[in-house]
Every structure is written in structure tokens, then in C-alpha cells.
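Q: Following is a predicted model, sequence given first.
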Amino acid sequence: MPNKFDKRALLTFNAGFLSSRIGEWLYTLALNWLVLLGTSSPLLLAVINACRLLPALVLSVPAGKLADRCERKRLNTIVAVLNALVVALTGLVFYFQLPFTLCAVLVVARAAITAAEAPMRNALLCGVLSGDRLKSVVAQNASIMNVGRILGPLLAGFSLAHFGGVATFLIATVFCAGYAVALACLDACPVAPARPRCRRERVSIRKDLAAQPELSRLFIFALPIMFFGFSHTAMLPLFADLVLKAGAEELGYLMSISALGALLASSFLSTSPDKVHWQSLRRDSLLFGSTLTLFAFSGSFWAAALALFAVGFFGQAYRTSSRMMFQDLVPKEAAGRFMGLALMDRGMIPLGALFIGLVAEFCGARMGFVVMGLGSVISVLLLTSARGK
């Protein structure tokens with residue numbers, strides 16, 4: 001089974017995944033911008049992003065377990081179809097100016113779908129690839145996500161400025177549906193061997209983590225960084241609007257510049273998987289927090305753009321290295337549930353966004369980003385000094 005993806009299958013998968021990432025950023029930017037314009041509240045912006053991201057905290061592991069029991073390509077295809085459908089329904093909510101509560105419900109529904117997508121996608125890759133090729137494809141996957149982060153915000157900013165929010169959601173729906181089409185063109189991926197019952201599975205996870213303490217260390221290390229640092233994307237519209245006095249198009253440019261830095265980092269790691277180790281993880285996470293703190297003091301568009309380029313580079317270098325190390329260590333037959341466990345750290349992002357939203361509500365957007373950056377730096381220093389690193 002390992003390494004059964006040929007170049008054509010991998011190209012098809014990557015093309016579909018790129019389409020979904022462009023659709024993701026079209027959806028995210030349109031959602032955040034319209035909510036901010038409609039409510040003018042940093043706290044409500046944080047709430048809607050909590051609705052968008054919190055389900056990952058509770059649904060990643062069940063989704064991963066499901067991926068270990070079922071045919072993984074079919075699961076990924078179903079999730080992709082449902083994702084496109086909910087994006088379209090969200091656009092209709094804004095078109096008919098329906099209550100904010102209904103929008104939040106649809107955002108939660110889509111969040112539940114996307115919470116399942118990541119562990120299922122990673123389980124699919126772990127099931128058909130191994131060794132350095134798996135590490136390289138994990139980094140390629142990150143590069144594709146970053147290309148989507150470049151193209152998606154640019155297209156979203158242009159569409160929001162010239163066509164409006166509803167058209168942007170429609171375009172996002174088309175791109176999200178492209179992933180389902182690509183997955184349908186792939187050969188089926190085998191079902192994993194049957195797993196023991198749930199109680200035994202929990203014991204097995206604890207035993208496996210105890211046998212491989214590096215997995216536990218990677219997971220614990222990620223939690224505070226995700227809480228403080230990675231909520232910056234969700235809160236960027238707030239900073240662009242209140243501090244930089246920028247519009248939707250300029251916001252799209254800023255998001256794309258950050259993604260360009262991230263693309264360079266993941267592209268480098270895809271060709272140099274041997275460069276990934278604990279020392280580089282610590283270095284990149286410290287630089288991520290430091291550049292995020294510098295961004296908080298940006299006084300102009302170009303200063304913010306330069307700082308965000310560095311934020312994107314070092315943030316992606318940390319995140320991709322962590323994923324490469326984790327996926328290389330997980331047992332192949334239980335890849336779904338282990339990746340579900342690892343991806344629970346995404347649930348820290350909405351919790352962090354709620355905290356930063358409160359800070360920004362009472363102390364201003366600039367102070368919110370200062371807390372993000374310094375919180376990340378201090379957390380890394382405390383964790384690494386406690387372990388003697």
C-alpha cells in the first residue's frame with residue numbers, strides 16, 4: 001500500500017486540493033469582512049471565528065477513527081461535497097439578510113465538516129505514502145495550502161470590492177466543488193484493518209504515546225503557539241480596518257503576502273526534509289512570535305506587509321516541520337486517529353481568537369496583536385527551558 005500514488009494521481013489530488021484551498025480563503029475572507037462590516041465588533045468577529053474553528057477540538061479524533069475504518073477516498077469526497085453545499089447556503093443567508101444566528105449555525109455546520117476533512121485527508125496520505133516521500137508530500141501539501149492562501153485572498157479582495165459578498169460566496173462554492181471532482185477521479189484507497197472497540201482504542205493511544213514520547217511533546221508544544229499565534233489570521237481584518245484603515249482589497253493583499261512567505265518556507269522544507277528537527281522547531285516558533293510582535297507596531301501598509309511576510313514564513317516553517325515530524329512517527333494502521341489527535345490543536349485557534357477579541361475590544365487591535373506575539377514567545381521559552389532544550 002505505501003507509495004502507491006503515482007505522479008498522475010498525486011497531480012490530480014493536488015489540483016483538487018488547491019481548488020478547495022482557494023475556495024476556503026474566498027469563504028473565510030468574505031465571512032470575516034461581512035461580519036466585521038455588519039457588526040463593527042471585534043468580539044463578534046472572534047465569536048464567528050470560534051464557530052468556524054472550535055469543532056476541530058472535539059471532532060478531529062472521531063473523524064480520524066472513522067478514516068481508519070472506512071474507505072478513505074469516499075469519505076473525503078463526501079466531505080468535499082457537503083463543504084461546497086454549506087458554503088453556498090451561507091452566501092444565501094447574507095443575500096436574504098437572514099439573522100446572524102442562522103449564519104453562526106451554518107458556520108458551525110461547515111466547521112464540523114472541515115474538522116473531519118483534515119484528519120481524513122492526512123490519513124489518506126499516510127495510507128498510500130511512507131518515509132521521505134511522505135514527508136515531502138506533507139510539505140508539498142503545505143505549499144499547496146499556501147498557494148491557495150495567495151490566490152484565494154487576492155481573488156476574494158477583488159470580488160468583494162467589485163462584485164460583493166454573495167458573488168464571492170458563489171465563486172467559493174465552485175472552487176470547493178472542484179476538490180470533490182478531483183477526488184472522484186482517484187482510485188479507491190483500501191479500508192484499514194478493523195480496529196478494536198472504543199475502550200481498547202483509548203488504551204492503545206495512551207500506550208502508543210507512552211512508547212513514542214516525541215508525539216506527546218510535539219502535541220503539547222503546539223497548544224500555546226496555536227492559542228496565541230495562529231489566531232492572527234482570523235483577527236487580521238480587525239487590524240486592517242481599525243489600525244491601517246485599509247479596505248477589502250488591501251486586506252486581500254496582506255493575506256497573500258503572508259501566504260507568499262509561508263509558501264517559501266514549505267517549498268524549502270519539501271526539498272529538504274532532513275532539515276527538520278527540534279532545534280529548528282524552537283527557532284522558527286520563536287521567530288514567529290517575534291515577528292508577530294513587530295507586526296503589531298506597523299504604522300503603514302508596507303511595514304505591515306513586510307512584517308506579515310516574515311510572520312507567514314516562520315509560522316509555516318514551524319507548522320510544517322511539526323507536521324512532518326508527527327506524520328513520520330505515527331503508526332500507519334492508526335494514522336487516522338493519531339492525526340485526529342494531532343489536529344485537535346486547531347481548536348486552540350478559536351479559543352485564542354476569543355481571548356484576543358476580548359483584549360482588542362477593551363484595549364485596541366494593536367494591543368491584541370502584541371499579546372499574540374509575546375504570548376507565543378514566552379510560551380516557547382517556558383516549554384523549552386522546562387525540557388532543558
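A: Yep, it's here. Please read these numbers as outputs of a predicted model, since none were measured by experiment. Residues are numbered from 1 along each chain as shown.

Q: drop to CA atoms for contacts and neighbour counts, all remaining ones
A: Noted.

Q: So N32: helix, strand or coil?
A: Here N32 is recorded as helix under DSSP: H, G, I helix; E, B strand; the rest coil.

Q: dump the residue contacts of it.
A: Contacts for N32 (Cα atoms under 8 Å, 6 or more residues apart in numbering) come out as 45, 48-49, 234, 237.

Q: Now do the strands in the chain.
A: With DSSP state E as the criterion, the chain has no strands.

Q: any idea which residue sits dead centre in it?
A: The centre of the chain sits closest to R346, judged by Cα atoms, centre = their mean, with a distance of 7.2 Å.

Q: what about the closest residue to it other than its chain neighbours, neighbour count?
A: Nearest non-adjacent residue to R346, counting by Cα to Cα, 6 or more residues apart in numbering: A56, 6.1 Å away. By other Cα atoms under 10 Å, the residues close to A56 number 29.

Q: how about low-confidence regions in the protein?
A: 1-6, 53, 129-131, 188-212, 332-334, 386-389 (pLDDT under 70).

Q: now do 50
A: Confidence mapping of the chain against pLDDT under 50 gives the ranges 1-2, 192-203, 389.

Q: Give me the buried positions along stretch 132-148.
A: Neighbour counts over stretch 132-148 (16 or more other Cα atoms under 10 Å) mark 134-148 as buried.

Q: can you list contacts of that stretch?
A: Residues outside stretch 132-148 that contact it (Cα under 8 Å, 6+ apart): 3, 14, 17-19, 21-22, 25, 125-126, 259-260, 262-264, 266-267, 269-271, 273, 320, 323-325, 327-328.

Q: before we move on, what about stretch 156-176?
A: The contact list for stretch 156-176 (Cα under 8 Å, 6+ apart) reads 19-27, 29-30, 34, 80-81, 83-85, 87-88, 90-92, 94-95, 248-253.

Q: Next, give phi and psi for L186.
A: phi -80, psi 160 (degrees, to the nearest 10).

Q: hmm, back to that, could you turn the buried ones of the contacts of stretch 132-148 into a ChimeraX selection?
A: In ChimeraX, the members of the contacts of stretch 132-148 classed as buried (16+ other Cα under 10 Å) are selected with the following command:
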select :14,17,18,19,21,22,25,125,126,259,260,262,263,264,266,267,269,270,273,320,323,324,325,327,328
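
Q: Tell me who's in contact with the closest residue to R52 other than its chain neighbours.
A: Distances taken as Cα to Cα, 6+ apart put A111 closest to R52, at 5.0 Å, once the chain neighbours are dropped. Neighbour list for A111: 51-56 [criterion: Cα under 8 Å, 6+ apart].
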